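In: pasting the sequence and the predicted coordinates here, then a few questions.
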Amino acid sequence: MSSKRKTVLIFSAALSLLIVAGVLYWTLGSASAQSTKPLETDNGTNREIENNAFQVGEKLTFDVGYGFINAGTATMEVKDVIDYNNRPCYLFLSTANSNKFFSSFYRVEDQVTSIVDAVGLYSWHFDKKLSEGNYKAEKAYDFDQINHKVFYEKDTIDVAPYIQDALSVLYFIRTQDLKVGKSIFVENFTDGKKYAMEVKVHRKESIKVGAGKFDCVVVEPLLMTSGIFKHEGKLTVWLTDDRLKLPVLMKSRVLVGSISAELTSYDLGKAVDF
């Protein structure tokens, strides 16, 4: 396999790690669900989620590793609270960039943006821009949470209430009560496909990463149908065992080995009124 092809796989997988959804090829296991069902009179915007996990200005920086090789950096950021569809919304941004060594023969600059309701923590808009060598691509789609539809390219797709995009799902999970042996179930839409996702809570564990030592809860996202990226192996995420639930380590096996995203620094931001 060429070095360029390996680099593409590394950073595609790295970006998948940071947006959590869509990197697995599994079937649903049995577990107890934590309900997020809408009210009978729900018009799609009635849900309120208590958020004690993240604030505007939060920025998480990760080293992306391929085996023992540092391949670049990635970030997750809560950029702002904006008005969107007459609703207060979080603007989330995630990036993945190759380092100087990899960029010398194959530059990667990928970016994902998500606009998410600040009250109900569901998606309104998603945008993904890929720049990998000579390859350029962009995918963008809008969510109609009132009528439960997604407008993707030329298609209008019926979806479940409060459906998440591939980036927003991690922020939603961070607000939930994670208990070992239990699962959270989330509906997700990624690149024209809708998936039911189970996030299993496996165990508690203390780990040390570049940003420090943390007590963590270990979770594993599972898709109820075949994943779009079809990477082999599983994704494991270590979230801090506190109200913040910071993702401090993410690991996944891919077709050409294994990759990791390790937290190296963070800024928690500050609360804003909306």
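Out: Yes, it's here. Residues are numbered from 1 along each chain as shown.

In: hey, let's count contacts and neighbours off CA atoms from now on
Out: Noted.

In: so Lys270 is in contact with Gly57, correct?
Out: Yes. Lys270 lies in contact with Gly57 (C-alpha atoms under 8 Å); the separation is 6.3 Å.

In: so for the two, which sits in the more crowded spot?
Out: The residue with more neighbours, out of Lys270 and Gly57, is Gly57; 17 against 10, by other C-alpha atoms under 10 Å.

In: and that one, what pLDDT?
Out: pLDDT, Gly57: 96.

In: show me what contacts it?
Out: Counting by C-alpha atoms under 8 Å, 6 or more residues apart in numbering, Gly57 touches Glu77, Val78, Lys79, Asp80, Asp267, Leu268, Gly269, Lys270.

In: I'd like to know which of those residues are buried.
Out: Glu77, Val78, Lys79, Asp80, Leu268 (16 or more other C-alpha atoms under 10 Å).

In: next, format those residues as CSV and append pLDDT.
Out: Output for the buried ones among the contacts of Gly57, formatted as CSV (pLDDT from 0 to 100):
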residue, pLDDT
Glu77, 95
Val78, 97
Lys79, 96
Asp80, 95
Leu268, 94
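
In: all helices for the chain, in order.
Out: Listed in chain order, the helices of the chain (DSSP state H) span 3-19, 100-103, 168-174.

In: beta-bridge partners for the closest residue to Glu205 other than its chain neighbours, please?
Out: Using C-alpha to C-alpha, 6 or more residues apart in numbering and skipping the chain neighbours, the partner closest in space to Glu205 is Cys216 (5.2 Å). For Cys216, the beta-bridge partners under DSSP bridges are Glu205, Thr240.

In: cool, and Glu77?
Out: With DSSP bridges as the rule, Glu77 is bridged to Lys59, Leu93.

In: cool, and the one 5 residues further on?
Out: Residues in a beta bridge with Ile82, per DSSP bridges, are Cys89.

In: for it, give its distance to Gly133.
Out: Distance of Ile82 to Gly133, given as C-alpha to C-alpha, to the nearest Å: 33 Å.

In: buried residues in stretch 64-84?
Out: Result for stretch 64-84 [16+ other C-alpha under 10 Å]: buried residues 64-66, 70-82.

In: that concludes my questions; thank you for your assistance.
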